[in-house]
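Q: how does the following fold in three dimensions:
(one chain, ligands or ions: 1)
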Amino acid sequence: MRILKGILMLTIAVCLLIAVSCIIGKDNEKTPSPGNLTDGNTAQAEGREPSPASPGQESLSPTPTASSDNQVSLTPTPAPDQKPSEPAQELNIEPVDYSAIRPNESGEIPIVMFHNFVEDLNSTNDPEFTTSFADFEKLLETLYNEGYRLISMRDFIDHNISVPAGTKPMVFTFDDGSPGQFNLIEENGKLVVNPKSAAGIMIKFSEKHPDFGIKGIFYLNMDKEEKTFEGAGTLKERLEILMSYGFEVGNHSWGHFNFSQAKNREQVYERLGRNQKRLQEIIEGASFYSLALPHGGKAPEELKDAMVQGEYEGARYFHETIMAVGSTPSVPSIHKDYNPGYVARIRSQGKVEVKFDLTYWLPNMTRDRMYISDGDPNTVVVPKGKENLIDTGKLNGKKLITY
Ligand SMILES: [Zn+2]
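A: The predicted structure follows:
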């Protein structure tokens, strides 16, 4: 198996060399989809999602490891259709001085959750789930200066983390497919990304700081059809253009369903599989491989396996990660405590700061607890004493190094 994988990686590395110019299209093959969006609706919908700060809710304990939750085994079937993420550039990685960089690849990775974006915060009554374009732009600058670099969900799952030595990986996630996240406008008869959208701002930002990365996964509700990323172009065009930048799409269920209300497996299969099916009707070969729980609602215990994989009218799904709603950074996927069935996210700040949102976390994500990269995706480097935190069964050919 390992040998096979090695061969596969080598093959891909060679292809990569040949196809340097295709970089933009590469993530395309992965997944696309739409969602729907009635503006206030979304905000409100998510507003009801359990706030970690409010007691008695779907607990995502505000403790740093979000793993105590009933482990849903994600091991069963192999992930269908997914290509392994690009192997790290195996050439050209400068050896780094560990004592100077002090990498810690057992540390935590923040996965940030965004919802709505607007020009003017006064235009919304939603206190917690809406960000202004200006604040988002400022946030990117702050994150960049604090040493965060974006990685994709695919690479988070595969622990294929390729950010410069000494920097910290971060994942962006966007729920509900609202137009402020991404939409198209027509310019000289051509469809282009609206610069007044989160994706547009990220694209612009990367001109100044290409190493920050244009990455993020958009969790979609396909029942929203043309309401998803509402604006110019068809849903198909929107998704194609979104993915052409390397952005990913994820499952957010058909109808933004609260799975804590699920009655039986058929219902779960329908809500998840139907969303998948619709995506595949629009973008051939695409599939969702990550699920974000609408309202943060977890399915009853006996239905948990159906959240991971299932089928509806011939459309199969397999979710390699199931994303929660709040409230802490996540351990990396090679960590012993990693539970792909319930992965923690941090809410971005809305109009007001709330406990455990990103504004709360930024000063609390200290060097000693966070993931600091060694710059080489093929090695897992941890300070002496932390090697026990790594699940060596997940190293997948990567070398574990302590210093
Ligand atoms: Zn949602």
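Q: kindly check the end-to-end length of stretch 249-266 for me.
A: 24 Å (CA to CA, to the nearest Å).
Q: buried stuff in it?
A: The neighbour-count check on stretch 249-266 (16 or more other CB atoms under 10 Å) flags 249-259, 262 as buried. From N, CA and C alone the C-beta is placed, and that goes for glycine too.
Q: in the stretch 1-150 of the chain, where is pLDDT below threshold?
A: 1-93 (pLDDT under 70).
Q: picking up where we left off before, want to throw the buried residues of stretch 249-266 into CSV with secondary structure and distance to residue 305?
A: Formatted as CSV, the buried residues of stretch 249-266 follow (DSSP: H, G, I helix; E, B strand; the rest coil; distance: CB to CB, whole Å):
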residue, secondary structure, distance to residue 305
249, strand, 23
250, strand, 19
251, strand, 16
252, coil, 20
253, coil, 16
254, coil, 19
255, coil, 21
256, coil, 22
257, coil, 17
258, coil, 19
259, helix, 13
262, coil, 12
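Q: need the residues you listed in JSON lines with distance to the ion, can you?
A: Shown next, in JSON lines, are these (distance: CB to the ion, whole Å):
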{"residue": "249", "distance to the ion": "14"}
{"residue": "250", "distance to the ion": "11"}
{"residue": "251", "distance to the ion": "11"}
{"residue": "252", "distance to the ion": "6"}
{"residue": "253", "distance to the ion": "8"}
{"residue": "254", "distance to the ion": "12"}
{"residue": "255", "distance to the ion": "11"}
{"residue": "256", "distance to the ion": "6"}
{"residue": "257", "distance to the ion": "10"}
{"residue": "258", "distance to the ion": "10"}
{"residue": "259", "distance to the ion": "12"}
{"residue": "262", "distance to the ion": "16"}
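Q: how much space separates the closest residue to residue 274 other than its chain neighbours from residue 228?
A: Nearest in space to residue 274, with sequence neighbours left out and distances taken as CB to CB, 6 or more residues apart in numbering, is residue 254 at 4.3 Å. Distance, residue 254 to residue 228, by CB to CB, to the nearest Å: 12 Å.
Q: got it, and residue 350?
A: Going from residue 350 to residue 228 by CB to CB gives 21 Å.
Q: looking at those two, which one has more neighbours?
A: Of the pair residue 350 and residue 228, residue 228 is the one with more neighbours under other CB atoms under 10 Å, namely 28 against 24.
Q: need the three-state assignment for residue 380.
A: Secondary structure, DSSP: H, G, I helix; E, B strand; the rest coil: residue 380 is strand.
Q: the single nearest residue of the stretch 151-300 of the chain relative to the ion - how many residues pack around it?
A: Closest to the ion within the stretch 151-300 of the chain is residue 175: 4.0 Å, counting by CB to the ion. Neighbourhood size, residue 175 [other CB under 10 Å]: 30.
Q: nearest spatial neighbour of residue 309, chain-adjacent residues omitted?
A: residue 318 (4.5 Å).
Q: cool, residue 319 as well?
A: Using CB to CB, 6+ apart, the closest residue to residue 319 is residue 291 (4.2 Å).
Q: doesn't residue 250 make contact with the one you found?
A: Yes - counting by CB atoms under 8 Å, residue 291 touches residue 250, with 6.6 Å between them.
Q: okay, and the common contacts of the two?
A: 219, 323 (CB atoms under 8 Å, 6 or more residues apart in numbering).
Q: so residue 176 makes contact with residue 230?
A: No - taking contacts as CB under 8 Å, residue 176 lies outside contact range of residue 230: 11.5 Å.
Q: look at those two and report which has more neighbours.
A: Applying other CB under 10 Å to residue 176 and residue 230 shows that residue 176 carries more neighbours, namely 30 against 21.
Q: TSV please, covering the buried residues of stretch 249-266 and showing pLDDT and distance to residue 242.
A: Formatted as TSV, those follow (pLDDT from 0 to 100; distance: CB to CB, whole Å):
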residue	pLDDT	distance to residue 242
249	98	7
250	98	12
251	98	15
252	98	15
253	98	19
254	98	20
255	98	22
256	98	20
257	98	23
258	98	26
259	98	26
262	97	29
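Q: hang on, the earlier thing: quick check: beta-bridge partners of the residue of the stretch 151-300 of the chain closest to the ion?
A: Beta-bridge pairing for residue 175 (DSSP bridges): residue 219.
Q: where are the low-confidence patches of the stretch 251-400 of the chain?
A: In the stretch 251-400 of the chain, no residues with pLDDT under 70.
Q: that one against the ion: which residues are in contact?
A: Proximity of the stretch 251-400 of the chain to the ion, by CB under 5 Å from the ion, involves residues residue 294.
Q: which stretches of the stretch 251-400 of the chain form helices?
A: Along the stretch 251-400 of the chain, counting by DSSP state H, counting those that start in this stretch, helices occupy 265-282, 304-308, 358-361.
Q: what's the first one in contact with?
A: Translated: helix 265-282. Contacts of helix 265-282 (CB under 8 Å, 6+ apart): 31-34, 220-223, 235-236, 239, 249, 251-255, 257, 259, 262, 286-288, 291, 299, 303, 306-307, 310-317, 319.
Q: what does the last one give?
A: For helix 358-361, contacts defined as CB under 8 Å, 6+ apart pick out 110, 112, 139, 328-329, 346-349, 353-354.
Q: what about it, distance to the chain center?
A: Chain-centre distance of helix 358-361: 18 Å, with CA atoms, centre = their mean, to the nearest Å.
Q: still on that earlier bit, the residue nearest to residue 309: neighbour count?
A: If you count neighbours by other CB under 10 Å, residue 318 ends up with 22.
Q: related to what we said a few turns ago, make a markdown table out of the contacts of helix 358-361 and add distance to residue 187.
A: A markdown table is the format used below for the contacts of helix 358-361 (distance: CB to CB, whole Å):
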| residue | distance to residue 187 |
| --- | --- |
| 110 | 34 |
| 112 | 29 |
| 139 | 26 |
| 328 | 41 |
| 329 | 38 |
| 346 | 35 |
| 347 | 33 |
| 348 | 28 |
| 349 | 31 |
| 353 | 36 |
| 354 | 38 |
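Q: tell me which of those fall in strands.
A: 112, 346-347 (DSSP state E).
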